[in-house]
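Visitor: build me a model from this:
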Amino acid sequence: MEFALNAETISIPLELIRENGSVRAAGENPEHVRLLAEIFDSLPPVLVHSSTLHLIDGLHRVRAARLRGHETIKAQLFEGSESEAFVLAVRANVSHGLPLSLTDRKSACVRIISMHPDWSNRRIARVAGISPKTVGSLRENKDGSAASRVGQDGRVRPLNASAGRQRAAELILANPDQSLRQVARAAGVSPETVRDVRRRLSRNEGPTPSGARPEGRQDSSGDEQNPENWRRAVRTLQSDPAMRYTEHGRLLLRLLSLHVMDYDEWASILRAVPEYARPAVSQAAQGCVSIWTSTVRRLEEEEEPTKSA
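Guide: Residues are numbered from 1 along each chain as shown. Next up, the predicted model:
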C-alpha cells in the first residue's frame, strides 16, 4: 500500500489534534515524554490525518510539546482513508521510536485483519511487527476469510493454489491466445504459474504438480526468491532509524548489504575463484546458507528476539 503524505511541514495548534484511537493501549510513557522534551527542537514532525485531524504518529512528541508549554507543533498531513491511517500508525510505531508492546501489536493485528481480510499473513505481520504464524493464529477466530489474499508485493494469490492453477488451465483452454498476464490477472496467480500450467497442458499433464501444498497453506507472500523483492527489503531496513542507529542494527545491515548485487556481479566474483579453492568456497557458502536459513526460521517462529544477558 502506498501512502499519500504531504511533504510540506505545517504548524498545527495542539488543541486541534485529536489523540483518541491511539495504537498504544497503555497511553503515554511519562519518562519518554520528558526525554523528548529535552531534545524537542530536533524531533521530526508528527503525522496527522488531514480530514479528521486524528494523530497518526507522534503521541509522545505532542505530550512533550505541551510539557514545554508550546501551543503548536510541526506536522505532516496524511491524505487517505481512516483504515489506511490506522495501518500507517501501526507501521510507524513498530518501526521507530518507543516500540509497541506485544499486546498492542496483537491488538493492531486483529484490527488490520478485520479491515483487510484479503491481506496475507506475511503482509500483516510486516506491518504489525509480529510473526506470520501469530497472525495466522489470530486470524483463525475471525469470520469471513477471503478466498485469496494480497501479498507484500501487492499481487493477489488464492489460498488454494490448486484452485488457481485449475482456473488458469480453464482460461488457457478457452482462449489459448491470451497473454500470461491476462490469464494471471483473471485467475489470481502469478504469470510464472500460468507459464508452468501452459507448459504442463502442452505435455498433456494436469495443471497442478504432484506434491503441491494443500489448501490453507498458500499464505506466503510469494516471490521471496525474487531478487528485487529482497533487495527492496534491504533498502527499507537501511532507511529505518531503529536499524541505523544501533550497533547490532548496523552490523546486520552490513551483512545484508553484502548480498545486494546482481547476478552478473556474482558471476564475476565466482569466475575469479581459483579452481583449487572452489570446494572450500562451496563449503563456506553452504555454511552461510545454513546460518541464514536458521535466521529466517527463528524470525518467523519468535515473536520477540531473545535478548542476551
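Visitor: from now on I want contacts and neighbour counts done on CA atoms only, so please keep to that.
Guide: Noted.
Visitor: tell me the spacing between residue 270 and residue 293.
Guide: Separation of residue 270 from residue 293 (Cα to Cα, to the nearest Å): 22 Å.
Visitor: residues near residue 172, how many?
Guide: Residues near residue 172, counting by other Cα atoms under 10 Å, number 19.
Visitor: before we move on, what about residue 282?
Guide: Residue 282: 11 surrounding residues under other Cα under 10 Å.
Visitor: so how far is residue 258 from it?
Guide: 17 Å.
Visitor: how about residue 184?
Guide: Counting by Cα to Cα - residue 184 and residue 258 are separated by 34 Å.
Visitor: out of these two, which sits in the busier spot?
Guide: For residue 184 versus residue 258, neighbours defined as other Cα under 10 Å are more numerous around residue 184 (24 against 8).
Visitor: which strand or helix spans that one?
Guide: Applying DSSP states H and E as the criterion places residue 184 in helix 180-187.
Visitor: pLDDT weak spots in the stretch 151-300 of the chain?
Guide: Low-confidence segments of the stretch 151-300 of the chain (pLDDT under 70): 151-161, 210-229, 241-242, 262-264, 300.
Visitor: for it, just list every one of the strands.
Guide: 156-158 (DSSP state E, counting those that start in this stretch).
Visitor: which residues of it fall in helices?
Guide: Here the stretch 151-300 of the chain has its helices, by DSSP state H, counting those that start in this stretch, at 161-174, 180-187, 191-202, 227-238, 241-244, 247-257, 263-271, 278-301.
Visitor: can you put those helices in CSV and add distance to residue 127?
Guide: Listed next are the helices of the stretch 151-300 of the chain as CSV, based on distance: least, Cα to Cα, whole Å:
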stretch, distance to residue 127
helix 161-174, 25
helix 180-187, 25
helix 191-202, 26
helix 227-238, 13
helix 241-244, 15
helix 247-257, 19
helix 263-271, 30
helix 278-301, 14
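Visitor: where's the residue nearest the centre of the chain, which helix or strand?
Guide: Among the residues of the chain, the one closest to the centroid is residue 126, at 3.4 Å (Cα atoms, centre = their mean). Per DSSP H and E, residue 126 falls inside helix 121-128.
Visitor: may I see the buried residues of the helix or strand following that helix?
Guide: Moving toward the C-terminus from helix 121-128, the next helix or strand (DSSP H and E) is helix 132-139. By neighbour count on 16 or more other Cα atoms under 10 Å, the buried set for helix 132-139 is 132-136, 138-139.
Visitor: angle of helix 132-139 against helix 121-128?
Guide: Using axes from the mean of the first three to the mean of the last three Cα atoms, to 10 degrees, the inter-axis angle of helix 132-139 relative to helix 121-128 is 100 degrees.
Visitor: pLDDT on helix 132-139, on average?
Guide: Helix 132-139 carries an average pLDDT of 85.
Visitor: ditto for stretch 53-67
Guide: 90.
Visitor: please export the C-alpha coordinates of it as PDB.
Guide: Once non-C-alpha atoms are left out, stretch 53-67 reads as follows in PDB (Å, rounded to 0.1, in the frame of the first residue of the first chain):
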ATOM      1  CA  LEU A  53      -7.000  15.700  12.500                       C
ATOM      2  CA  HIS A  54      -6.500  12.400  14.300                       C
ATOM      3  CA  LEU A  55      -2.900  11.900  15.400                       C
ATOM      4  CA  ILE A  56      -1.400   9.000  13.400                       C
ATOM      5  CA  ASP A  57       2.100   9.100  14.800                       C
ATOM      6  CA  GLY A  58       3.700  11.300  17.500                       C
ATOM      7  CA  LEU A  59       1.700  10.900  20.700                       C
ATOM      8  CA  HIS A  60       4.800  11.400  22.900                       C
ATOM      9  CA  ARG A  61       6.000  14.300  20.800                       C
ATOM     10  CA  VAL A  62       2.600  16.000  21.300                       C
ATOM     11  CA  ARG A  63       2.800  15.500  25.000                       C
ATOM     12  CA  ALA A  64       6.400  16.800  25.000                       C
ATOM     13  CA  ALA A  65       5.300  19.900  23.200                       C
ATOM     14  CA  ARG A  66       2.600  20.500  25.900                       C
ATOM     15  CA  LEU A  67       5.200  19.900  28.600                       C
END
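Visitor: show me which residues of that stretch are buried.
Guide: Buried, per 16+ other Cα under 10 Å, within stretch 53-67: 53-66.
Visitor: give me the contacts around it.
Guide: Contacts to stretch 53-67, defined as Cα atoms under 8 Å, 6 or more residues apart in numbering, come from residues 14, 16-22, 28-29, 32-34, 36-37, 40, 43, 45-49, 71-73, 85-86, 88-89, 92-93.
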